[in-house]
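Visitor: Sequence first, then the predicted structure:
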Amino acid sequence: MEPRHRVRVLIDAGLLLFATALLFAAPPAAAAVPAEVREALRRLFPKPVRIEERTLLIDDSTAAAIAERGGGEPPSRIATCFVAHAGAEKTTPPLGYACLDTHVVRTLPETLLIAFDRDVTLLRIDVLTFDEPADYRPRRAFLDQFEGRGREERLDLRRNIRAISGATLSSRAVTEASNRVRVLIERLLLGGEGR
């Protein structure tokens, strides 16, 4: 074998070894549920509950339904949701649903955990991360007005949601995220076309 070919074989073998090492050293694609999400889910759905994580792919018709129902443009075509079951068996009916929604408020992201009961009535919204200035962070009193809103209610800042004074963009982001998650649950977890 010529020296030039021998060097090429060694380089190829080295690259293959390096790529293999990266593959096995990389974190798993489905990383564990972050601790703050686990804690929020435990508060919403006390034990004994089995939480099933689901990755949802948002197709064009679901994106159109989200926009039509006041959820704006989905920030991503992939959503992470959780289904809470009353028991360990796969056949136990769901107690409720929760989804993570990460979106840009003004120029920086916020992540919400939005939970609904089995009838798709909004249970709670938790702000997990908020990178905009703290003055614009949605307070608990603002988030509490979403609780108990039923399946048929389209949440709207002009109609039935009081905006945060001086933080209209934060108010809009939370309202759209709530409508967006409701559509995801109705269409992709419950398998219906929504109402």
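Guide: Received the coordinates, thanks.
Visitor: Now do the strands in this structure.
Guide: Shown for the chain, the strands assigned by DSSP state E span residues 50-57, 78-85, 94-104, 109-117, 122-130.
Visitor: Dump those into a markdown table; add mean pLDDT and distance to residue 164 as well.
Guide: To be clear about C-beta, it is placed using only N, CA and C from the backbone, and glycine gets the same treatment. Shown next, in a markdown table, are those (pLDDT from 0 to 100; distance: least, C-beta to C-beta, whole Å):
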| stretch | mean pLDDT | distance to residue 164 |
| --- | --- | --- |
| strand 50-57 | 93 | 29 |
| strand 78-85 | 94 | 25 |
| strand 94-104 | 95 | 16 |
| strand 109-117 | 96 | 13 |
| strand 122-130 | 96 | 12 |
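Visitor: Could you dump those into TSV with mean neighbour count and distance to residue 150 added?
Guide: Below are those laid out as TSV (neighbours: other C-beta atoms under 10 Å; distance: least, C-beta to C-beta, whole Å):
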stretch	mean neighbour count	distance to residue 150
strand 50-57	14	22
strand 78-85	19	19
strand 94-104	20	14
strand 109-117	21	10
strand 122-130	18	8
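Visitor: Pipe the ones you listed into TSV and attach distance to residue 174 per row.
Guide: What follows is these, written out as TSV (distance: least, C-beta to C-beta, whole Å):
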stretch	distance to residue 174
strand 50-57	20
strand 78-85	16
strand 94-104	9
strand 109-117	7
strand 122-130	7
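Visitor: Out of those strands, which gets nearest to residue 36?
Guide: strand 122-130 (5.5 Å; C-beta to C-beta).
Visitor: In terms of secondary structure, what does that closest one contact?
Guide: In terms of contacts (3 or more C-beta pairs under 8 Å, 6 or more residues apart in numbering; DSSP states H and E), strand 122-130 is packed against helix 35-44, strand 94-104, strand 109-117, helix 140-144, helix 168-184.
Visitor: pLDDT weak spots in this structure?
Guide: 1-32, 192-195 (pLDDT under 70).
Visitor: before we move on, back to that, so can I have TSV of the helices and strands packed on strand 122-130 showing distance to residue 68?
Guide: Output for the helices and strands packed on strand 122-130, formatted as TSV (distance: least, C-beta to C-beta, whole Å):
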stretch	distance to residue 68
helix 35-44	28
strand 94-104	18
strand 109-117	19
helix 140-144	24
helix 168-184	9
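Visitor: closest to residue 152 out of these?
Guide: So among those, helix 168-184 is nearest, using C-beta to C-beta, at 10.3 Å.
Visitor: Sounds good, over and out.
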